[in-house]
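Enquirer: Predicted coordinates and the sequence they were generated for:
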Amino acid sequence: MAGKEKVRKVVLAYSGGLDTSIILPWLKETYGCEVIAYIADVGQGEELDSAKRRAEACGAAKVCAEDLREEFVQGYLFKALKAGAVYEGSYLLGTSLARYIIASKQVEVAQREGADAVAHGCTGKGNDQVRFELTYMALDPSLVVLAPWKDERWPIASREDALAYAKAHNIPLDVSPKDIYSRDRNIWHESKTGYHPQRSQSHGLRCRDFCGGKRCHGLCR
């Protein structure tokens with residue numbers, strides 16, 4: 001984990017949401033480093049285009065976006081489905097399962113781009129931080145792990161603080177004080193902070209999530 005070591009280039013797992021959008025400029029300000037925004041397409045749909053534009057507006061030196069849908073389904077979701085992996089009878093582990101593939105690909109980008117650090121936007125109170133950080137450390141222990149929500153210099157203590165920071169830094173966002181909760185959507189489900197996680201309205205895999213209107217390659221049969 002990072003203390004006050006010098007960081008030259010960091011790859012941030014970037015979703016385009018409130019947390020990672022304020023983390024991006026904060027990393028630049030705090031570490032004086034170059035920030036590469038890594039965007040993983042795990043089936044969140046129309047959010048991707050806005051995330052790319054927002055990352056550039058937030059000051060990313062580079063935006064790396066990868067389509068991980070096929071690998072996510074075949075390597076993670078099908079296995080979870082076969083195992084009957086449902087938590088407490090209702091949670092399909094959609095967010096949980098996606099973290100591992102995102103973190104592993106993030107490490108690959110860091111290695112490819114010559115970065116010396118990786119970063120995520122998880123708070124210090126849940127399991128996502130563990131999923132990201134153990135994956136980083138298992139795949140490349142030489143990388144410095146930056147976790148702003150656990151950094152003593154992090155000035156944010158609430159969602160309201162985050163909105164104020166975004167406003168002060170002219171960060172374009174689609175959230176407001178009336179709609180402040182975070183959401184995580186992928187091809188398997190959608191979860192919302194403060195609500196019970198739930199599957200998307202499709203209740204299953206949708207051809208358009210994989211194929212985008214193009215010829216189906218057999219994933220949806």
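Expert: Yep, that arrived.
Enquirer: Please enumerate the helices of the chain.
Expert: 18-31, 47-57, 69-72, 78-83, 94-113, 128-139, 159-168, 207-211 (DSSP state H).
Enquirer: Which strands or helices does the longest one pack on?
Expert: Read that as helix 94-113. strand 9-13, strand 34-41, strand 62-67, helix 69-72, strand 117-119, helix 128-139, strand 183-185, strand 190-192 (3 or more Cβ pairs under 8 Å, 6 or more residues apart in numbering; DSSP states H and E). C-beta here means a position set from N, CA and C on the backbone, and glycine is covered the same way.
Enquirer: what mean pLDDT does the first one have?
Expert: If I follow you right, that is strand 9-13. Averaged over strand 9-13, pLDDT sits at 98.
Enquirer: repeat for the last one
Expert: In this model, strand 190-192 has a mean pLDDT of 76.
Enquirer: how near is the nearest residue to residue 116 once chain neighbours are set aside to residue 140?
Expert: Nearest non-adjacent residue to residue 116, counting by Cβ to Cβ, 6 or more residues apart in numbering: residue 8, 5.5 Å away. Between residue 8 and residue 140 the distance is 16 Å, computed by Cβ to Cβ, to the nearest Å.
Enquirer: and residue 127, what pLDDT?
Expert: At residue 127, pLDDT is 89.
Enquirer: Which among the helices and strands packed on helix 94-113 is found nearest to residue 89?
Expert: Nearest to residue 89, of all those, is strand 190-192, at 15.4 Å by Cβ to Cβ.
Enquirer: Would you mark the buried spots in the closest one?
Expert: 190, 191 (16 or more other Cβ atoms under 10 Å).
Enquirer: Kindly report the same for stretch 70-87.
Expert: 72, 73, 76, 77, 80.
Enquirer: Closest one to residue 135 out of these, please.
Expert: The closest of these, once distances to residue 135 are taken by Cβ to Cβ, is residue 76, at 12.6 Å.
Enquirer: re the thing from before, got JSON lines for the buried residues of stretch 70-87, with pLDDT and distance to residue 55 too?
Expert: Output for the buried residues of stretch 70-87, formatted as JSON lines (pLDDT from 0 to 100; distance: Cβ to Cβ, whole Å):
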{"residue": "72", "pLDDT": "97", "distance to residue 55": "21"}
{"residue": "73", "pLDDT": "96", "distance to residue 55": "25"}
{"residue": "76", "pLDDT": "96", "distance to residue 55": "25"}
{"residue": "77", "pLDDT": "95", "distance to residue 55": "26"}
{"residue": "80", "pLDDT": "94", "distance to residue 55": "29"}
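Enquirer: Tell me how far residue 188 lies from residue 78.
Expert: Taken as Cβ to Cβ, the span from residue 188 to residue 78 is 11 Å.
Enquirer: All set, thanks.
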